[in-house]
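[1] Need coordinates for the following:
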Amino acid sequence: MLLILVVSTSEAAISCSDVIKDLRPCVSYLVSGSGQPPAACCSGAKALASAASTSEDKKTACNCIKSTAKSISINSQLAQALPGKCGITLPVSISPNADCSK
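    Okay, the predicted model is just below:
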């Protein structure tokens, strides 16, 4: 018997619900926090950074974050500082004007 598995490579491996789940612990910090972000926030942000490994995943995460951020009053300075405070290196800066197509 021969078993063949076909894996679709056109679908992003990450979904918007994954992004929201990972970053949910960061919301209160990003709205009105100060100092260091909560450990659960950094854990989620690190999980997201690891999960978004392909260009498509990164575009999906970027678009999801931008879309969700429109409905929440996020402090952009806290958002920009979050990766560094959590020990995450990103190739782009966090900005509400980020071009997710790149």
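
[2] Put the alpha carbons of the lowest-mean-pLDDT helix or strand in the chain into CSV.
    One helix or strand of the chain scores below all others by mean pLDDT, DSSP states H and E: helix 55-69, with a mean of 90. Taking C-alpha atoms only, helix 55-69 is exported to CSV below (Å, rounded to 0.1, in the frame of the first residue of the first chain):
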residue,chain,number,x,y,z
SER,A,55,7.1,35.7,4.4
GLU,A,56,3.4,34.8,4.1
ASP,A,57,3.2,34.1,7.9
LYS,A,58,4.8,37.5,8.6
LYS,A,59,2.4,39.3,6.2
THR,A,60,-0.6,37.6,7.8
ALA,A,61,0.6,38.5,11.3
CYS,A,62,1.3,42.1,10.3
ASN,A,63,-2.2,42.5,8.6
CYS,A,64,-3.9,41.0,11.6
ILE,A,65,-2.1,43.2,14.1
LYS,A,66,-2.8,46.3,12.1
SER,A,67,-6.5,45.4,11.7
THR,A,68,-6.9,44.6,15.4
ALA,A,69,-5.0,47.6,16.6
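
[3] Run the angle between the following helix or strand past that helix and helix 55-69 for me.
    Tracing the chain C-terminally past helix 55-69 and defining elements by DSSP states H and E, one meets helix 76-85 next. Counting by axes from the mean of the first three to the mean of the last three C-alpha atoms, to 10 degrees, helix 76-85 lies at 140 degrees to helix 55-69.
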